[in-house]
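Asker: return a 3D structure for these sequence lines:
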Amino acid sequence: MEKMKLALQIYTVRDFVETDIKGTFQKVKAMGYDTIELAGMSMFNGMTPTELKEMLAECGLTAISAHVPIQELDADPQAAVLRYKEAGCRYIAIPWLAMEQCPGGAQFEATLATINTVGKLCNDNGMTLLYHNHDFEFVKMPDGTYGLDYLYQKVPADILQTEIDTCWVKFAGVDPVGYIRKYAGRCPIVHLKDFYKEGETGQVYELIGDDGEEIKEAPPRGVFEFRPLGMGVQDFPAIIKAAEESGAEWIVVEQDTSVGRTSLEAAQLSREYLKTLGY
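Answerer: Next up, the predicted model:
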């Protein structure tokens, strides 16, 4: 069984990227990350994909994948795919869907059409399209199926594969280990994210719009805190074992916000924890 490779979702340290792109890349490399996942191109101050790829290379990094809003993909599918191919990405992940675009929503059929178009374009360019879940896709459809499963049933595996975010699976009340195994052979990238929760929280994340701006929601009512890996509720030895045995090629560290430490410090703590697990 081949060992998975490791990347950092650069959204984790976006506050540092805003002020010093290259310096942040150098710090990420020094931590022991050799690869990153992009959160679109908008955070890189107008750099072209080629310029970004060259800067990453200067810092000893590559970009394996990118989160790309479906609005960007829908506006000009071919240009969008080629943009991230030029940046060196092997995967494009749709990071989220609006409720009307999700299964059962008024725009779901149009969303399926976009996904099929982009997935085929990715395949034509040696890339793979993924979908990155949150918790809201775990609502039940009329037939009892989770919305996320319904999406994967409607799109062939050769067009759309999974990017299972283990935090949001757990937050939705579903076992991340079992869910990864459910998609064995269809889960090339698995997101590792830890958290702590008490009480009812409501929505606890910020989504990124097609303009790169964060979509704010009401603050949580209970206690919720994103934490470095190994400092929250997740059973990462079991999660990593399931990912390995299910054919995942990459594990990606992601932390949406950091409390009591900088985002770079949090990324470093996650990297050090993974070393104790053989990564």
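Asker: tell me the SS of residue 185?
Answerer: Classification of residue 185 by DSSP: H, G, I helix; E, B strand; the rest coil places it in coil.
Asker: which parts of the chain are strands?
Answerer: With DSSP state E applied, the chain shows strands at 5-9, 35-38, 62-67, 91-94, 128-132, 161-165, 189-192, 194-198, 207-208, 214-215, 223-227, 250-253, listed in chain order.
Asker: of all these, which one is nearest residue 22?
Answerer: strand 35-38 (12.9 Å; C-beta to C-beta). Where you see a C-beta, it was placed from the backbone N, CA and C, and this is true even at glycine.
Asker: other SSEs contacting that closest one?
Answerer: Taking 3 or more C-beta pairs under 8 Å, 6 or more residues apart in numbering; DSSP states H and E as the contact definition, the neighbouring helices and strands of strand 35-38 are strand 5-9, strand 62-67.
Asker: dump the strands of the chain to CSV, plus distance to residue 270 and mean pLDDT.
Answerer: CSV is the format used below for the strands of the chain (distance: least, C-beta to C-beta, whole Å; pLDDT from 0 to 100):
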stretch, distance to residue 270, mean pLDDT
strand 5-9, 8, 98
strand 35-38, 14, 98
strand 62-67, 17, 98
strand 91-94, 19, 98
strand 128-132, 18, 98
strand 161-165, 15, 98
strand 189-192, 8, 98
strand 194-198, 8, 91
strand 207-208, 21, 56
strand 214-215, 22, 54
strand 223-227, 9, 92
strand 250-253, 5, 98
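Asker: those strands: which one's closest to residue 237?
Answerer: With C-beta to C-beta as the criterion, residue 237 lies closest to strand 189-192 of the strands of the chain, at 11.5 Å.
Asker: what's in contact with that closest one?
Answerer: Taking C-beta atoms under 8 Å, 6 or more residues apart in numbering as the criterion, the residues outside strand 189-192 that touch it are 9, 37, 64-65, 91, 93, 130, 132, 163-167, 180, 229, 234, 236, 239-240, 243, 248-254, 270, 274.
Asker: list buried residues within those residues.
Answerer: Neighbour counting with 16 or more other C-beta atoms under 10 Å marks 9, 37, 64-65, 91, 93, 130, 132, 163-167, 180, 229, 234, 236, 239-240, 243, 248-254, 270, 274 as buried within the contacts of strand 189-192.
Asker: from the chain's centroid, how far away is stretch 80-89?
Answerer: Relative to the chain's own centre, stretch 80-89 is displaced by 17 Å; criterion: C-alpha atoms, centre = their mean, to the nearest Å.
Asker: ok, now stretch 94-103?
Answerer: For stretch 94-103, the gap between its own C-alpha mean and the chain's C-alpha mean amounts to 14 Å (C-alpha atoms, centre = their mean).
Asker: quick one: end-to-end length of it, please.
Answerer: Chord length of stretch 94-103, first to last residue, is 15 Å (C-alpha to C-alpha, to the nearest Å).
Asker: closest to the centroid, which residue in this structure?
Answerer: Most central residue of the chain, judged by C-alpha distance to the mean C-alpha position with C-alpha atoms, centre = their mean, is residue 132 at 5.3 Å.
Asker: check contacts around it.
Answerer: Counted by C-beta under 8 Å, 6+ apart, residue 132 has contacts 67, 93-96, 163, 165, 191.
Asker: now with 6 Å?
Answerer: Residue 132 is in contact with 93, 95, 163, 165, counting by C-beta atoms under 6 Å, 6 or more residues apart in numbering.
Asker: any idea how far the closest residue to the first one other than its chain neighbours is from residue 186?
Answerer: Read it as residue 93. Closest residue to residue 93 apart from its sequence neighbours, by C-beta to C-beta, 6 or more residues apart in numbering: residue 130 at 4.1 Å. Between residue 130 and residue 186 the distance is 10 Å, computed by C-beta to C-beta, to the nearest Å.
Asker: and residue 147, by the same measure?
Answerer: Look at residue 147 and residue 186: by C-beta to C-beta, they are 17 Å apart.
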